[in-house]
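> Fold the following, please.
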Amino acid sequence: MSYAPSWDLLVCGGTVLTMEDGARPISNGAVAIAGGKIIAVGPAEELLDQGPQGDVLDASGCIIIPGFVNTHSHLAMTLLRGLADDLPLKEWLEKHIWPAEKEHMNREAVRAGTALAAAEQLLAGVTTTTDMYFFDDEVASVLAEAGMRAVVAESLLDFPTPRCSGPDEMIERQRELIEAYRDHPLITPSVAPHSPYTVGAASLAREADLAEEYGVPLQIHLSETRWEVNKLLEEKGVSPVRYLADLGVLSDHTIAAHCVHVSPDDIALLAELEVGVAHNPISNLKLASGIAPVPAMLEAGVKVGLGTDGAASNNTLDLMRDMQTAALLHKGASGQPTVIPAIEALHMATTGGAAVLGLDDRIGVLREGMEADLICIDVTGPHATPVFDPASHLVYAARSADVRHTIVRGKVLVKDRELQTIDRAETIAHATEITAKIGS
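Here you go, the predicted structure:
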């Protein structure tokens, strides 16, 4: 532990899991924060002995860890939660979701849905999220006002969206967002071609060029279904992964969502090009898209984080549920109980997710110099007693409702399970008013 010269906020009294390789849990630990960054991590009594310097946030009875990172989502789709369930992806999208979006997802709806998504995620310990949807300026504004960290983009498709008439306008909106937020402390602008089956080669190449020009992430759905893979094999003669690689779309800036149907050659290519993969276990199960070969990807050195996908296909933005599902799913699918151990699942939800988003130089571990994004999870309830292994406990026993505090860049956004920057009742009322029209 280094000496903390002056802290603004001391989060203390819990067991600290820094998520640094080889680091042991710190019982009765503390994290000192100043200027939005971590300035010291260590035993609480040692930091308190330096004298009162700022506010103290009680985390006794909690496990203190880096905030969860949601690597793939469509936030405003919280308003479509439960609208069309128990359907395959293609039918779900084309017959239900896209028509509903065309009719109802205007600027006001996107703002309301994004606020609802931010509230849900912050209460569940998600400090960093992603979004590829429409009206990206509204999305970025809502998340910045809430104090949440995010990677945001206007989705690009080769047909009109609720906001844009075509790819040219979509790219212009993306460029505007990048220019407006390129130096923002919380919002990372990005580009987001929807998928290789909804975006043609010319538009995909333009998106790759735009991402390269500004050095921003590129989000894309990739190899989500067997149908998609077969379509690309028939039309292009190669897998979706190889197709995008040949177009120059895949790089260390790419966030590839799903990657369910990838071959060993695809996995090797993802690793070689340093592509980040957003694993969405619950969405993939619910839509019967399949089970991504995550153990093989990790073995090959692919960066893997966890994503919820949109609430229309999950049906929550509860990343802890995805973390627990990922740990269990791959054991059952492989027949090996040692596959995806608890610490690996927790890594994917925190440090691994930060790497997928290209933010691992700022977030994902609790150490001096990193941005102060952390959560405190209460483990004093009957379902959470006793605690032998904190990492195992978080994956297999804890619940998102156990999140007591959520902090982003040193600002307390959830305190004692209460939102501090979002009006909970107003947000729910606004969303309910809009969804009454969708369901009518």
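
> And for the helix or strand of the chain with the lowest mean pLDDT, what's in contact with it?
The weakest-scoring helix or strand in the chain, judged by mean pLDDT, DSSP states H and E, is helix 89-91 (a mean of 85). Applying C-beta atoms under 8 Å, 6 or more residues apart in numbering, the contact partners of helix 89-91 are 224-225, 227, 287, 289. Where C-beta positions appear, they are placed from N, C-alpha and C, glycine not excepted.

> Apart from its neighbours in sequence, what residue is nearest the most centrally placed residue in the chain?
The residue lying closest to the centre of the chain (C-alpha atoms, centre = their mean) is Asn70, at 1.2 Å. Nearest in space to Asn70, with sequence neighbours left out and distances taken as C-beta to C-beta, 6 or more residues apart in numbering, is Thr129 at 4.4 Å.

> Does the one you found touch Leu143 like I think?
Yes - Thr129 lies in contact with Leu143 (C-beta atoms under 8 Å); the separation is 7.3 Å.

> between these two, which one's more packed in?
Thr129 (29 against 23; other C-beta atoms under 10 Å).

> Spell out which strands sit alongside the helix or strand containing the more buried one in the sheet and which way each one runs.
Thr129 belongs to strand 126-133 when assigned by DSSP states H and E. Strand 126-133 has the following sheet partners, assigned by DSSP bridges: strand 68-69 (parallel), strand 149-156 (parallel).

> would CSV of the ones you listed with distance to Thr351, mean pLDDT and mean neighbour count be doable?
As requested, the strands paired with strand 126-133 are exported to CSV (distance: least, C-beta to C-beta, whole Å; pLDDT from 0 to 100; neighbours: other C-beta atoms under 10 Å):
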stretch, distance to Thr351, mean pLDDT, mean neighbour count
strand 68-69, 8, 99, 31
strand 149-156, 15, 98, 28
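
> Dump those to JSON lines, plus distance to Asn106.
Listed next are these as JSON lines, based on distance: least, C-beta to C-beta, whole Å:
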{"stretch": "strand 68-69", "distance to Asn106": "29"}
{"stretch": "strand 149-156", "distance to Asn106": "15"}
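
> for those, which one sits closest to Glu172?
Smallest distance to Glu172 across the strands paired with strand 126-133 (C-beta to C-beta): 9.2 Å, for strand 149-156.

> what's downstream of that closest one, the next helix or strand?
Following strand 149-156 in sequence, per DSSP H and E, is helix 167-181.

> for that next one, which positions count as buried?
167, 170-171, 173-175, 177-178, 181 (16 or more other C-beta atoms under 10 Å).

> Show me what the helix or strand following that helix is packed against.
Counting by DSSP H and E, the next helix or strand C-terminal to helix 167-181 is strand 187-189. If you count contacts as 3 or more C-beta pairs under 8 Å, 6 or more residues apart in numbering; DSSP states H and E, strand 187-189 packs onto helix 136-146, strand 149-156, helix 167-181.

> And the contacts of strand 187-189?
Against strand 187-189 from outside (C-beta under 8 Å, 6+ apart): 136, 140, 143-144, 149-153, 174, 177-178, 180-182, 214, 216-217, 357-359.

> check contacts around the closest residue in space to Thr325 that isn't next to it in sequence.
Leaving out its chain neighbours, the residue that sits closest to Thr325 by C-beta to C-beta, 6+ apart is Pro281, at 4.7 Å. Pro281 makes contact with 291-292, 306, 322, 325-326, 329, according to C-beta under 8 Å, 6+ apart.
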